[in-house]
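Trainee: Provided below are the primary sequence and the corresponding predicted coordinates.
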Amino acid sequence: MEREPDVIEGPIARWWHALPDGRIQCDVCPRDCKLHDHQRGACFVRARQGDHLVLTTYGRSSGFCIDPVEKKPLNHFYPGSSILSFGTAGCNLACKFCQNWDISKSRDMDRLMDDATPQAIAHAAHRYGAKSVAFTYNDPVIFAEYAMDTADACHEQGIKTVAVTAGYMHKEPAKAFYAKMDAANVDLKAFTDDFYVKLCGAHLQPVLDILAYIHHETDCWLEITTLLIPGQNDSAEEVKSLSQWVMKELGPDVPLHFSAFHPDYKLDDLPPTPPATLAQARRIALDAGLHYVYTGNVHDTEGDATHCPGCGKKVIERDWYEILHYALDGHGHCTSCGHAVAGRFGPFETPFGAKRIPIRLHGTP
């Protein structure tokens, strides 16, 4: 008995074109998925329905939470503020070490518990006093239309927007996408194409191109995170090459975060990243000339601290997501020497702290 095709529903997506052989090609990311009717792309959420490509997760989320902005991680984007985080399901990469694999690798649309319009998300952020909204948990590249509409609704409410992404996106959709983002943290998974091919099912160069584009051609504030995996991308040589690339191509003021791996998903046979590896990576990056280098997923108050490039004093002291000391004026200048610290700053208010507040949204406001 022939199986009935899946019912695929959703608004018509952007960035696709018809091919001469009758297939439709998705043009969002370098995977360039070519689809027959009722086929889904590698991300699982962009799918062909008839003569169109549709986004099946528009308006549906795997959950909402109010977090500290430092958790994204963003250390130079309104420090101490709160951020409303949400994601959908699926991903356009196939990372064997995914730390959110239950969401990003999900093929179960029933995981998308919460229905919410872009306007409802913006109103919720305003209601909870969040400074910004983050598109996170899974990669917003694959639900770009939903994220962009939400960004428009947020900006109408005076709410900033943040993309937490692997940066695997074609230039044309990236132009539209990052025009609506106030900040981004991009996962630079490693600094070899071999790592990207074998462990992510992708390639390095498109990510480097997007990093350069964001920093040089948009107003979006950029920070970078690299998860250091023992024996895979944590050698001193690779960290040095990565750091030198950031210094040469992006400059000294783009913050770089080195985060600790913990065994998960398909790499559960590897050990966690030793704190000493992160400390060494931080030293290498600082020696390469970068001003702001951080360690993550470990307790390291020195690796959490922001130093003034002018006088060297600690202008922000952190303990995990708690801010213990803050010595910048409302424009991001060091209160000791007046040197400008790179980032986006405003009046420093009572910090949100390490709280995590799950919330539920339903439909329209």
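Mentor: Structure received. Numbering: from 1, shown residues only.
Trainee: Quick check: pLDDT value at the closest residue to Ser132 other than its chain neighbours.
Mentor: Closest residue to Ser132 apart from its sequence neighbours, by CB to CB, 6 or more residues apart in numbering: Lys160 at 3.7 Å. To be clear about C-beta, it is placed using only N, CA and C from the backbone, and glycine gets the same treatment. The pLDDT attached to Lys160 in the predicted structure is 98.
Trainee: What is the neighbour count of Lys160?
Mentor: Lys160 has 23 neighbouring residues, counting by other CB atoms under 10 Å.
Trainee: For the closest residue to Leu242 other than its chain neighbours, give me its contacts.
Mentor: Closest residue in space to Leu242, ignoring its immediate chain neighbours: Phe191 at 4.0 Å, by CB to CB, 6+ apart. Phe191 makes contact with 204, 233, 238-239, 241-242, 245 under the criterion CB atoms under 8 Å, 6 or more residues apart in numbering.
Trainee: Tell me which of the residues you listed fall in helices.
Mentor: 238-239, 241-242, 245 (DSSP state H).
Trainee: Most neighbours among those residues, which one?
Mentor: Ranked by neighbour count (other CB under 10 Å), those have Val239 at the top, with 25 neighbours.
Trainee: Isn't that residue up against Leu286?
Mentor: No - using CB atoms under 8 Å as the test, Val239 is too far from Leu286 to be in contact (11.3 Å).
Trainee: how close does Thr226 sit to Asp209?
Mentor: As defined by CB to CB, to the nearest Å, Thr226 lies at a distance of 17 Å from Asp209.
Trainee: Comparing the two, which shows the higher neighbour count?
Mentor: Between Thr226 and Asp209, Thr226 has the larger neighbour count (other CB under 10 Å), namely 25 against 16.
Trainee: Show me the helices in this structure, by range?
Mentor: 101-104, 118-127, 144-156, 171-178, 193-195, 205-217, 236-245, 275-287, 301-304.
Trainee: How far off centre is the last one?
Mentor: Put simply, helix 301-304 sits 21 Å off its chain's centre (CA atoms, centre = their mean, to the nearest Å).
Trainee: What are the buried residues along it?
Mentor: With burial defined by 16 or more other CB atoms under 10 Å, the residues of helix 301-304 counted as buried are 303-304.
Trainee: Also the fifth one?
Mentor: Residues Phe195 are the ones in helix 193-195 that count as buried (16+ other CB under 10 Å).
Trainee: And the contacts of that helix?
Mentor: Contact with helix 193-195 is made by 189, 203-205, 232-233, as judged by CB under 8 Å, 6+ apart.
Trainee: any idea which of the residues you listed is the one closest to Glu349?
Mentor: When the contacts of helix 193-195 are compared for distance to Glu349 (CB to CB), Lys189 comes out closest, at 34.8 Å.
Trainee: How many residues are close by that closest one?
Mentor: The burial count assigned to Lys189 is 25, neighbours taken as other CB under 10 Å.
Trainee: Kindly provide the distance from it to Thr56.
Mentor: From Lys189 across to Thr56, the span is 26 Å (CB to CB).
Trainee: swap in Val298?
Mentor: Going from Val298 to Thr56 by CB to CB gives 38 Å.
Trainee: Between those two, which has more neighbouring residues?
Mentor: A direct count of neighbours by other CB under 10 Å for Val298 and Thr56 places Thr56 higher, at 25 against 19.
Trainee: Check what pLDDT the more buried one gets.
Mentor: At Thr56, pLDDT is 92.
Trainee: residues contacting it?
Mentor: Contacts of Thr56 were listed using CB under 8 Å, 6+ apart, and they are 8-10, 40, 45-47, 109.
Trainee: So among these, where is pLDDT lowest?
Mentor: By pLDDT, Met109 ranks lowest within those, coming in at 49.
Trainee: And the pLDDT at Gly90?
Mentor: pLDDT for Gly90: 88.
Trainee: likewise Ala179?
Mentor: Ala179 is assigned 98 on the pLDDT scale.
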